[in-house]
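A.B. asks: Requesting a structural model of the entry that follows:
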Amino acid sequence: MGAEGVDQVPVGQRVTLRRRLPDGTAADVVGTVVAHDAEGVRLHTTRRGEVRVPYAEVVVHRVVRPVPWRVGAFLRRAGVAVLDLDGVLRTFDTSGELARAEAELGLEAGAVLELAFGLPEARAMLTGRTRYAEWMTAVRVRLLADEHAEEAVERLLTVWQGDRGTPVGPTVALVDALVAAGTPAFVFTNGTDRVPEELEHVGLGRLVPMLLNAHDLGFAKPAPEAYGVAHAEIERRLGRTVGRAEVHFTDDRPGNVEAAREFGWQGRVFTPPAPGQW
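C.D. replies: Have a look, this model is predicted:
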């Protein structure tokens, strides 16, 4: 395309602009359209941040078509699609409230989760040998033993337990599309006994029949046994033998993906789609 029409490129679209420099040479600028004004366009670029290019300097422009979302394409080729839950289909603390509660305790964001999942009660809960409530009690006891103020501890735990997650729109839409196309889909999570209730609460109750929850299976990712019992459960629910290579699995933790590959599933580390990919 020539210079004409640059002012009509929509916000969010990625473009390449060739601009005429004052010394008579030309240079390319690649970025995503942020805004237009009367005389130029602002682009967000990877290397230089935001750049403004006057329309009068544009020699030629080309719309950059986004590459397909690789995770989406990977799962659409599946005989059976299996997705992780947390970090893939839902995310947490989108308001930053938990991080603020951690800061009140003098902790960095994410420190309480690291402490909590390091407790023996966490492994017992994830493999069905205890329940979420007992785990939370253990977290409370540990924080108080570390001499954090009781009021701040209670506030943090209230915030944490009240956050049931926020759906990740593109991934949820992908699962809906897979199901509509007839591809069996499952959600394989190192979850608690609260997961079904949490999903219902955030409007994802339709995922509950797809759950392969470590709490119910008795083994948690990335243990090899977890993939074995999950695969057996997939076969039981589908009522047929499923070749391991039929299963396409995505998870935001590389270690879980690598363990799946060692088991014989096809695996890809989850990355969300870039704007315009989905």
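
A.B. asks: Return the distance of the lowest-mean-pLDDT helix or strand in the chain from the chain's centre.
C.D. replies: The weakest-scoring helix or strand in the chain, judged by mean pLDDT, DSSP states H and E, is strand 58-63 (a mean of 87). Here strand 58-63 is found 34 Å from its chain centre; the criterion is C-alpha atoms, centre = their mean, to the nearest Å.

A.B. asks: That one packs against which elements?
C.D. replies: Here strand 58-63 touches strand 14-20, going by 3 or more C-beta pairs under 8 Å, 6 or more residues apart in numbering; DSSP states H and E. (Each C-beta comes from the backbone N, C-alpha and C, glycine too.)

A.B. asks: Starting from the following helix or strand past the strand it packs on, tell me which strands it pairs with and how they run.
C.D. replies: Sequence-wise, the next helix or strand downstream of strand 14-20 (DSSP states H and E) is strand 26-36. The strands beside strand 26-36 in its sheet (DSSP bridges) come out as strand 14-20 (antiparallel), strand 40-45 (antiparallel).

A.B. asks: mind listing what's buried in strand 26-36?
C.D. replies: Residues Val29, Gly31, Thr32, Val33, His36 are the ones in strand 26-36 that count as buried (16 or more other C-beta atoms under 10 Å).

A.B. asks: residue ranges with poor pLDDT in this protein?
C.D. replies: Applying pLDDT under 70 to the chain flags residues 1-3, 275-278.

A.B. asks: what do you get if the cut-off is 90, keeping everything else the same?
C.D. replies: Low-confidence segments of the chain, defined by pLDDT under 90: 1-15, 17, 21-27, 31-32, 35, 37-39, 44-51, 56, 59-68, 274-278.

A.B. asks: Stretch 107-126: which residues count as buried?
C.D. replies: Leu107, Val112, Leu113, Ala116, Glu121, Ala122, Arg123, Met125, Leu126.

A.B. asks: Can you tell me what sits against that stretch?
C.D. replies: 98-99, 102-103, 105, 130-132, 134-135, 138-139, 142-143, 156, 160, 190-193, 214-215, 220 (C-beta atoms under 8 Å, 6 or more residues apart in numbering).
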